[in-house]
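S.K.: Sharing a sequence plus its predicted fold:
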Amino acid sequence: MTKFDAATAECQQLAQAYYQLPTVEQKIIQLFAVIYEPINRTAFLTCLNQSGCRNENGKAFIDSTLK
């Protein structure tokens, strides 16, 4: 197996794991994917809630629900 084949297999496993996550967890990963610098939890919560993402109960995230 070449390095390329191994990397492709790893990407496929990651993609499969991602698509098995609940939608809200996918949204959190998407938001982290576009943040290019270190961010504290408070700033991340602000971004997450402004994006319209809601927790399993349909409410905005707070510090304890994000943990």
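M.R.: That came through fine.
S.K.: Contacts for stretch 33-40, please.
M.R.: Contacting residues not belonging to stretch 33-40 are listed as 44, 47 [Cβ atoms under 8 Å, 6 or more residues apart in numbering]. For every residue, glycine as well, the C-beta is placed using N, CA and C.
S.K.: Could you say which helix or strand holds L45?
M.R.: Under the criterion of DSSP states H and E, L45 resides in helix 41-50.
S.K.: after that helix, next one along is what?
M.R.: Sequence-wise, the next helix or strand downstream of helix 41-50 (DSSP H and E) is helix 63-66.
S.K.: Determine how far that following helix lies from the middle of the whole chain.
M.R.: Helix 63-66 sits 14 Å away from the centroid of its parent chain (Cα atoms, centre = their mean, to the nearest Å).
S.K.: so what does that helix touch, helix or strand wise?
M.R.: Packing partners of helix 63-66 (3 or more Cβ pairs under 8 Å, 6 or more residues apart in numbering; DSSP states H and E): helix 41-50.
S.K.: from the middle of its chain, how far away would the helix it packs on be?
M.R.: Using Cα atoms, centre = their mean, the offset of helix 41-50 from its chain centre is 13 Å.
S.K.: What of stretch 32-51?
M.R.: That offset, for stretch 32-51, works out to 10 Å (Cα atoms, centre = their mean).
S.K.: Between the two ends of it, how far is it?
M.R.: 12 Å (Cα to Cα, to the nearest Å).
S.K.: Tell me the buried residues in it?
M.R.: For stretch 32-51, a neighbour-count test (16 or more other Cβ atoms under 10 Å) marks 44-45, 48-49 as buried.
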